[in-house]
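In: With the input below, show me the fold.
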Amino acid sequence: MKKKAIMMICGLAFFLEAQETQDYTLQKVEASAKRTEVESWRSEEVKDFMGSRTVISNKQLKETANQSIDEALQNISGIQVRDYSGTGLLPKISFRGFGGAGNGHSNTGLILLDGIPIYGGPYSNLELAIFPVTFQAVDRIDVIKGGASVQYGPNTFGGVINIITKEIPAEWENQVAERITFWGKDTGGFFRKNGEPVANNMLYDTYLKTGGMINEHFGVQAQANYVGGQSFRENSNTSVQNYMLDAIYKINPENNVKMYYQYYSYFAKDPGSLSTADYIADRFQNKRPNNSDDGVAKRFGVVYTNYFGDVDKIGGNFTLTYFTHDMTRNFTIDSNYNKISLGYDKGVTWITDNIRRFVVNGIEPKLNLMIGGSVKQNIILGGRFLTEDIYGHGYKKTLSDGSVADPTPYVLHNNYTALYLSDELSFFDGIFTIAPGLRYELLNYTKTGQYATGKGAGTNHRLDNQFNPAINIGFKPIKDLLLYANYQRSFIPPQTGDIDGTETNYVTTFQTLEGGGRYFFNDAISINANYFAIFADNYKIGKFATEPISAISQGLELELYYSPIENLTLHAAYTFTDAKAANDKKTKTGIDIKGKMLPYVSPHQFVFDALYSLGKTSMGISSYYYSPAYSDILNTKDENSTGNAGKLPWYWVWNAQVSRTLWTQGRQSITGSLSMNNIFNMKYYFRGIGTSPVGRQPAPGRSVTVYVSYNF
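Out: Residues are numbered from 1 along each chain as shown. The predicted model follows:
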């Protein structure tokens, strides 16, 4: 299949490269921004945004030693990423104190791919159990942490991440690229020994792209990305295939239609956690050879856009978006997945496959109306109708006799209807701006199967209504200073396991406040400072308490961009997060947890990166520091024998990269880079991620990545 796909793409490139092209660039279906330039912190959409916002440009993404999307997001204040795979397959992302104590996958914060929700179940299954994105296909990443518009949907209280893939270029172009990562060994040196070949853990990342405008009306782009080999752990086989097709039909200057199709599949061994003794002996070994993750995602969407009127008087655009996906994921685990002290590498008695399938269809009309005059207005009116069909099934194979248990599967047929309206009013030539908004959501759940008797038996229905107001305020006393404040109400809907026919309210509600300012001086300095507070009610923290709790997370974020000379940009950020339980709910053993820190939240986070260009060469560095964090709601300091509690260590990781244009001739060029990640081989670990609820889950050690790209 791989060879056929390569031949098809190369053939398409040869046939279409000579066709007529026009200067027209396809804009991705975006939720937050227009295309930003290289120095994204200098762009108007960032400088004038009434909240905290960061855009990781393509140059920053590709030249500051980022191995994956996980690594790039480490450089944003307020977002904490627990990278335990090194490949970016199943990222663990938390926002401003929330999301660290869920089921082990990212379940807090709205994550979009080209403006489309990326979760398997955008409402009832908020976890990245399959993450259909590969690093080389990404153009830039837009992150809004405060003041997210009511148009985005639920789960926006901590922030919105919009991952934007490469756009169709104005002229036809092709690219062939290869990245190879060499993983270091545990003893402090670069490569493993133990009788194995030098650098036996290697990860290959092959990328192919061809596309452009064929004429003034039609453009197309095809991308293929293959990732295969080993991650940093022993027996960590990894295989990813990602195919993407984008097209645009520009009917006339006022009307166009865009579409995309994606096929993504992955398989990865999941070495999981280790006991303390095994971690000390060799933190990269694999004691769980039966565990693995795999999945398939098929995504399709089409967007019609109409531009009308004069935006200086009255005008704007109307879009009608349809999107669908069919995603299947499976986690394979054995009977020792949650045992440490009992010898988790011995005596496996059963292996289970935990299969979930998500079929989603959504349609979204949206009107963006701009009215000029002494008081300028930007009115956004839209809606969404979305259906989720979720199928859950598990198979348990007993190894002693080979028998397979086939429990009753469950099915959910959910639908959601949303309407939203916001109006941004700008007074006195933009000195004062206020943008109130309101979103209404009707949640309609139906669940069948899973239980024969008792709670959850039969077919169960649940109906819920949510009203989510928001307001953004901006004040510019001088041209280069913006003071802002915003408020929004958001929620996490009932999840798959909550729809059981009981009367329990599983809706988590959030009230988010943010206030701060952004100062931009002489095109050389940008300073952003803000305070945030998030009040959560009915917040679920998994195994840590018998029922949902109230929680408060508040903190301070400081961010600085400084360009002292041309072609040099320095970026530093600091975040303080104080996330605590706020009521008198008890743990399963009856202990009061009021005032306890939420698990997996580092109170202090510091990031620093720099990028310098000299001629055809650029040099980039990046680093991130996390202070110690608790791994249980009782805030236990010392690690216990079962490995389910104990403080997580602090760590400070440094990365560096050198990039250079090696050769150019006309439209052809060859570029390359050499990077080193975790330069000082920092040793640190996590706990309670994915299918490893106990023990130490190692983080990636030192690695070297070689990259070369041929563009023609």
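
In: alpha carbons only for contacts and neighbour counts from here, please
Out: Noted.

In: mind listing what residue 272 touches?
Out: Counting by CA atoms under 8 Å, 6 or more residues apart in numbering, residue 272 touches 286, 287, 288, 291, 691, 692, 697.

In: Neighbours of the fifth one, how many?
Out: Pointing back at residue 691 there. 21 (other CA atoms under 10 Å).

In: Repeat that for the last one.
Out: Summarising burial for residue 697: neighbours were counted as other CA under 10 Å, giving 26.

In: Likewise for the fourth one?
Out: Other residues within reach of residue 291, judged by other CA under 10 Å, total 22.

In: List the contacts of it.
Out: Counted by CA under 8 Å, 6+ apart, residue 291 has contacts 269, 270, 271, 272, 331, 332, 333, 334.

In: Helix or strand: which one has residue 552?
Out: Using DSSP states H and E, residue 552 maps to strand 549-562.

In: what helices or strands is the very next helix or strand once past that strand leaning on?
Out: Using DSSP H and E, the helix or strand that follows strand 549-562 in sequence is strand 568-581. Packing partners of strand 568-581 (3 or more CA pairs under 8 Å, 6 or more residues apart in numbering; DSSP states H and E): strand 549-562, strand 604-614.

In: what is the mean pLDDT for the strand holding residue 552?
Out: Here strand 549-562 scores 94 as its mean pLDDT.

In: buried stuff in stretch 670-679?
Out: Under the neighbour-count criterion of 16 or more other CA atoms under 10 Å, stretch 670-679 has 670, 671, 672, 673, 674, 675, 676, 677, 678 buried.

In: with the contacts of residue 291 in mind, which one is nearest to residue 458?
Out: residue 331 (26.2 Å; CA to CA).

In: and that closest one, that's in a strand?
Out: Yes. According to DSSP: H, G, I helix; E, B strand; the rest coil, residue 331 belongs to a strand.

In: Look up which residues are beta-bridged to it.
Out: Beta bridges link residue 331 to residue 293, residue 354 when assigned by DSSP bridges.

In: residues contacting the residue nearest to the spatial centre of the chain?
Out: Among the residues of the chain, the one closest to the centroid is residue 111, at 5.2 Å (CA atoms, centre = their mean). Residues counted as contacts of residue 111 (CA under 8 Å, 6+ apart) are 117, 118, 119, 160, 161, 162, 163.

In: Neighbours of residue 460, how many?
Out: By other CA under 10 Å, the residues close to residue 460 number 17.

In: Please apply the same query to residue 115.
Out: If you count neighbours by other CA under 10 Å, residue 115 ends up with 18.

In: Can you give me the pLDDT of it?
Out: Confidence score, pLDDT, at residue 115: 93.

In: quick one: it from residue 95, how far?
Out: 19 Å (CA to CA, to the nearest Å).

In: again with residue 372
Out: Taken as CA to CA, the span from residue 372 to residue 95 is 37 Å.

In: Of the two, which one has the most company?
Out: Between residue 372 and residue 95, counting by other CA under 10 Å, residue 95 is the more crowded of the two (24 against 15).

In: Does that one have any beta-bridge partners, and if so which?
Out: residue 79, residue 98.

In: Hmm, residue 80 and it touching each other?
Out: Yes. Residue 95 is within contact range of residue 80, at 6.5 Å (criterion: CA atoms under 8 Å).

In: Model confidence score at the most far-flung residue of the chain relative to its centre, please.
Out: For the chain, the residue at maximal distance from the C-alpha centroid (CA atoms, centre = their mean) is residue 401, at 42.0 Å. pLDDT for residue 401: 85.

In: Pull up the gap between it and residue 480, please.
Out: Taking CA to CA, one finds residue 401 at 73 Å from residue 480.

In: Same check on residue 428?
Out: From residue 428 to residue 480 the distance is 16 Å (CA to CA).

In: okay, those two: which has more neighbours?
Out: residue 480 (15 against 10).

In: Apart from its chain neighbours, what residue comes closest to residue 406?
Out: The shortest distance from residue 406 to any non-neighbouring residue, by CA to CA, 6 or more residues apart in numbering, is to residue 395 (5.3 Å).

In: any idea of the pLDDT on that neighbour?
Out: Confidence for residue 395, expressed as pLDDT, is 86.

In: Same check on residue 47?
Out: Reading off the model, residue 47 has pLDDT 88.

In: low-confidence ranges in the stretch 101-250 of the chain?
Out: 101-105, 187-200 (pLDDT under 70).

In: Also the chain?
Out: For the chain (pLDDT under 70), the answer is 1-38, 101-105, 187-200, 338-346, 449-457, 500-505, 541-546, 584-590.

In: residue ranges of the helices in it, please?
Out: Taking DSSP state H as the criterion, the chain contains helices spanning 2-16, 44-47, 58-63, 69-73, 276-281.

In: which strands and helices sit next to the fourth one?
Out: I take that to be helix 69-73. Against helix 69-73 (3+ CA pairs under 8 Å, 6+ apart) you get strand 79-81.

In: Give me the contacts around the strand it packs on.
Out: By CA under 8 Å, 6+ apart, strand 79-81 touches 70, 73, 74, 91, 92, 93, 94, 95, 96, 601.

In: Surely residue 72 touches residue 61?
Out: Yes. The pair residue 72 / residue 61 is scored as a contact, 6.4 Å apart, by CA under 8 Å.

In: Pull the residues that contact stretch 625-640.
Out: By CA under 8 Å, 6+ apart, stretch 625-640 touches 544-545, 593, 596-607, 644-653, 687-688.

In: If you count neighbours, what's buried in that stretch?
Out: 625, 626, 628, 629, 630, 631, 632, 633, 634, 635, 639.

In: got these as TSV, with distance to residue 244 columns?
Out: TSV is the format used below for these (distance: CA to CA, whole Å):
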residue	distance to residue 244
625	35
626	35
628	40
629	39
630	40
631	39
632	41
633	42
634	46
635	45
639	45
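
In: Tell me which two in these are the farthest apart.
Out: Farthest pair in the buried residues of stretch 625-640, by CA to CA: 625 and 634, 24.1 Å.

In: which stretches of the stretch 151-300 of the chain form strands?
Out: Counting by DSSP state E, counting those that start in this stretch, the stretch 151-300 of the chain has strands at residues 160-165, 173-183, 202-213, 218-230, 237-252, 255-269, 292-310.

In: quick check: angle from the last one to strand 255-269?
Out: Put simply, strand 292-310 runs at 170 degrees to strand 255-269, going by axes from the mean of the first three to the mean of the last three CA atoms, to 10 degrees.

In: Just list what strand 292-310 packs against, helices and strands only.
Out: Applying 3+ CA pairs under 8 Å, 6+ apart, one finds that strand 292-310 contacts strand 255-269, strand 314-334.

In: distance between the first one and the chain's centre?
Out: On the basis of CA atoms, centre = their mean, to the nearest Å, strand 255-269 is displaced by 16 Å from the centre of the chain it belongs to.

In: now for that strand, which elements pack on it?
Out: Applying 3+ CA pairs under 8 Å, 6+ apart, one finds that strand 255-269 contacts strand 237-252, strand 292-310.

In: now residue 72: how far from residue 656?
Out: Taking CA to CA, one finds residue 72 at 13 Å from residue 656.

In: how long is stretch 98-111 from one end to the other?
Out: Start-to-end, stretch 98-111 (CA to CA) is 15 Å.

In: I figured residue 681 hits residue 699, correct?
Out: No. Under the criterion of CA under 8 Å, residue 681 makes no contact with residue 699, lying 10.2 Å away.

In: how about the strands in the stretch 1-150 of the chain?
Out: So, for the stretch 1-150 of the chain - with DSSP E, counting those that start in this stretch - the strands run 53-56, 79-81, 93-95, 110-113, 116-117, 138-144.
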